[in-house]
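>>> Pasted the sequence and its predicted model underneath.
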Amino acid sequence: MTEAEGQARERLLYALHEAGIDAGSPLGLLLTQMLESAEALTVEARATRQSLMEVLSASEAELSDLKASLVEGCTVVSDLRSAGETRLRNQELQMQREHQDVVAKMVAATTIGLRDAVFGQLRQQLPIAEREFFHEARWRSWARMAGAAAIVLTIGALAGMALTWRDARVGAWCGDRLHIYRSSGGTAYCHIPDLDGVGPGSGTQ
């Protein structure tokens, strides 16, 4: 019994004595039993409280440990996620580089094959193209020379016609006997009106 419980019992006995109630009487025994029950309940409540405090402390410790474990687990998961993302990015970059290398090799192989085929075809076609080129060049040269000669001949003919046109007219004029005149001395001449402005009928035929 604690000191507080002893003091409570003494106060109860004093109150019974003051009230004229004998502690051994039924009422005194009832009150004493009630006090003992209250004391027992107090002890039990105190023990229960102590147990609850211990359980609460243990729960708090477990919760603290669980929280630390959760934090550590979250950190591990975050690290694993970061490592996984980094690994995935590295794998993607590596696959991209490998894909680019494969495509570059395929393009290079195709380009080399096409280049060889094109150069081979060009080497085969070069003599034919060269002969066609020189044949075309010679034909164009002859065509230009023929055209130039035709132009020169045409210009020469036109110039000759321009120079002989008047003489031809005079010859044709004088070839007509109607334009032949004889002077009083018996000299025959062809009168050309364009030269002196005199008409054909001004002389004696």
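Yep, it's here. Numbering: from 1, shown residues only.
>>> what's the longest helix along the chain packed up against?
Scanning the chain for the longest helix, with DSSP state H as the assignment, gives helix 26-174. The contact analysis (3 or more CB pairs under 8 Å, 6 or more residues apart in numbering; DSSP states H and E) places helix 26-174 against helix 3-19. Where C-beta positions appear, they are placed from N, C-alpha and C, glycine not excepted.
>>> Phi and psi next, for Ala188.
phi -90, psi 140 (degrees, to the nearest 10).
>>> Just give the closest residue to it, not the sequence neighbours.
The spatial neighbour of Ala188 that comes closest, neighbours along the chain excluded (CB to CB, 6 or more residues apart in numbering), is Arg182 at 5.0 Å.
>>> okay, stretch 95-110 in PDB with CA atoms only?
Presented in PDB, the C-alpha positions along stretch 95-110 are these (Å, rounded to 0.1, in the frame of the first residue of the first chain):
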ATOM      1  CA  MET A  95      21.400   1.300 -79.600                       C
ATOM      2  CA  GLN A  96      21.000   4.700 -81.400                       C
ATOM      3  CA  ARG A  97      24.800   4.700 -82.100                       C
ATOM      4  CA  GLU A  98      24.700   1.100 -83.200                       C
ATOM      5  CA  HIS A  99      21.700   1.800 -85.500                       C
ATOM      6  CA  GLN A 100      23.500   4.800 -86.900                       C
ATOM      7  CA  ASP A 101      26.600   2.800 -87.500                       C
ATOM      8  CA  VAL A 102      24.600   0.000 -89.200                       C
ATOM      9  CA  VAL A 103      22.800   2.600 -91.400                       C
ATOM     10  CA  ALA A 104      26.000   4.400 -92.200                       C
ATOM     11  CA  LYS A 105      27.700   1.100 -93.200                       C
ATOM     12  CA  MET A 106      24.700   0.100 -95.300                       C
ATOM     13  CA  VAL A 107      24.700   3.500 -97.000                       C
ATOM     14  CA  ALA A 108      28.400   3.300 -97.600                       C
ATOM     15  CA  ALA A 109      28.200  -0.200 -99.000                       C
ATOM     16  CA  THR A 110      25.300   0.900-101.300                       C
END
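>>> That's all I had, so thanks and see you.
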